[in-house]
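> Need a 3D model of the sequence below.
(chains A, B, C and D)
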2 protein chains.
Amino acid sequence: MDYPLPLVTVDAVLLTLRESRLEIALQPRDRAPFKGAMALPGGVVHVDEDPSTEASIRRVLRDKTGFEPRYLEQLQVFSGPDRDPRKWSLSVSYVALVPAAELEATPQAGFQFVNVDALPPLAFDHADIVAAAVARLRGKSSYSTLPFFLLPERFTLTELQHTYEAILQTRLEKSNFRRKMEAWDVLQATEDYVLGAQRPARLYRLKDFTLFDRSVG
Amino acid sequence: MDYPLPLVTVDAVLLTLRESRLEIALQPRDRAPFKGAMALPGGVVHVDEDPSTEASIRRVLRDKTGFEPRYLEQLQVFSGPDRDPRKWSLSVSYVALVPAAELEATPQAGFQFVNVDALPPLAFDHADIVAAAVARLRGKSSYSTLPFFLLPERFTLTELQHTYEAILQTRLEKSNFRRKMEAWDVLQATEDYVLGAQRPARLYRLKDFTLFDRSVG
DNA sequence: ATAATAGTGTCTATGAGACAGTATGCG
DNA sequence: CGCATACTGTCTCATAGACACTATTAT
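Numbers count the residues shown, from 1 in each chain, chains lettered A, B, ... in the order given. Alright, predicted model coming up:
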């Protein structure tokens, strides 16, 4: 009646946007299996200290990268006898979104960011996890405020539009985009402007700091 | 470096629609903890025979209820030190949809179906799991063919509309509903009709047998 | 003034909701 | 025939896309 227990790990697809390209954090593995191959940041659940698997992935990200993602969502469980050659294993995967500016201000011990469209071979089934995470982000972005979490806290409407365009891989029309944001009622105007080469652009922030999901409302 | 492993279980929220009410399958627990309390059908992952947690939940449903759900979707992981009083545990939860007619043709050993709006106290954190499953079903139904899987393989358009109405908890307008299904292009007309009290209604089936998800297309 | 980017106004096509109408069976 | 249910046609309004326009800065 007692069965051997699976190995339980957590893995994060840590996404950011740099120069209009989606990139993920990868780390070379320093031990077998898949020693030397690139892998997602992840680790084993510590049952003596983690109150949940979400706490586990937050601990792993904190220890390995030094910060807390502003957006973190459970993605999906990947499991089976063969994904880890040592034993039957189960990975609870997460999607984390981080503004590029925040990443560059943080020491990244051994991490590197790679374009999701040009991934090297990955350890375990991490390529499947990345594919699922990117599909989730792209699928949800057209009707939610997910892309906001790839921007700094304050941003211009043009920056926001470029972020949506990069994720959705399409061109959007400026005035229609602004009208849509107006209808969603998710923007909070600040009193500050970005002084640039031309007319200054107003800075906005996400109202209420919450995720707006049009499929629910 | 080695940590004790969590207990890994799978649980299913098996949903059906009877008399326009959403109901779930519950089973009284025959052992501690929560002996006597109602609980979701579930069990422990068998690493020696299950190729994945999805296979685990299919095995559990087959053994405990005798059939295979036409629709099965991974819901979410629930985890923590306190949800099972014995030890740190992790449950991979699933949503399963089954037509009521199919259920009634199957011997249900010890199961009973309960209206989701009038649940008894449930074991573990199963009330949370049910709430998440119902929210997922309701959220996805307005833009997908999920409700089709609560109907028999062949159905009339009126039956389909009533199913959507029951899940979405709203009244829909007949001709608009039909126009929407026409636009989705998910219906395959059969040559058969239901002879009833009045004008016979044509029977349809779901085209291609696949899930149509408007948020992706 | 000119270039460049920020921001607005408006026409039109498409799709959703409301509602009235027609079709076909039963008694 | 009349009634009940299946099914269709059409009007209107809200929303999304295309596109032209104005506003404000730097040089």
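
> residue contacts, residue A:97?
Applying CB atoms under 8 Å, 6 or more residues apart in numbering or on different chains to residue A:97 gives the contacts A:15, A:16, A:69, A:70, A:71, A:72, A:137, A:146, A:149, A:150. C-beta coordinates here come from the backbone N, C-alpha and C atoms, glycine included.

> my bad, residue A:164
By CB under 8 Å, 6+ apart, the neighbours of residue A:164 are A:141, A:147, A:172, A:177.

> Could you rerun that using 7 Å?
Applying CB atoms under 7 Å, 6 or more residues apart in numbering or on different chains to residue A:164 gives the contacts A:141, A:147, A:172.

> Residue A:24 touches residue A:13, doesn't it?
Yes - if you go by CB atoms under 7 Å, residue A:24 and residue A:13 touch, sitting 5.7 Å apart.

> Identify the contacts common to the two.
Taking CB under 7 Å, 6+ apart as the criterion, residue A:24 and residue A:13 both touch residue A:130.

> Domain ranges for chain A, per the record?
A:7-141, A:146-209 (automatic domain parsing).

> looking at chain A, which helix or strand is least sure?
helix A:100-104 (a mean of 85; mean pLDDT, DSSP states H and E).

> Check the offset of that one from the chain's centre.
13 Å (CA atoms, centre = their mean, to the nearest Å).

> Identify all contacting residues around it.
With contact meaning CB under 7 Å, 6+ apart, helix A:100-104 is reached by A:16, A:17, A:18, A:67, A:152.

> just to revisit the earlier point, mind checking which of the contacts of residue A:97 are in helices?
Counting by DSSP state H, the part of the contacts of residue A:97 found in helices is residue A:137.

> residues of the least confident helix or strand of chain A that come out buried?
Within helix A:100-104, the residues that count as buried by 16 or more other CB atoms under 10 Å in any protein chain shown are A:100, A:103.

> again, but for stretch A:51-64
The neighbour-count check on stretch A:51-64 (16+ other CB under 10 Å) flags A:52, A:53, A:54, A:55, A:56, A:57, A:58, A:59, A:60, A:61, A:64 as buried.

> What lies in contact with it?
A:10, A:12, A:41-43, A:45-46, A:50, A:68-69, A:72, A:74, A:92, A:94, A:96, A:109, B:77, B:79-81, B:90.

> and residue A:75, what is it in contact with?
So residue A:75 contacts A:93, A:94, A:95, A:132, A:133, A:136 (CB under 7 Å, 6+ apart).

> Could you measure from the third one over to residue B:16?
When you say that, I think you mean residue A:95. 32 Å (CB to CB, to the nearest Å).

> between the two, which one's more packed in?
A count of neighbours by other CB atoms under 10 Å in any protein chain shown puts residue A:95 above the other of residue A:95 and residue B:16, at 25 against 21.

> three-state assignment of residue A:25?
Three-state call for residue A:25 (DSSP: H, G, I helix; E, B strand; the rest coil): strand.

> Let me know whether it touches residue A:113 as I believe.
Yes - between residue A:25 and residue A:113 a contact is recorded at 5.9 Å, counting by CB under 7 Å.
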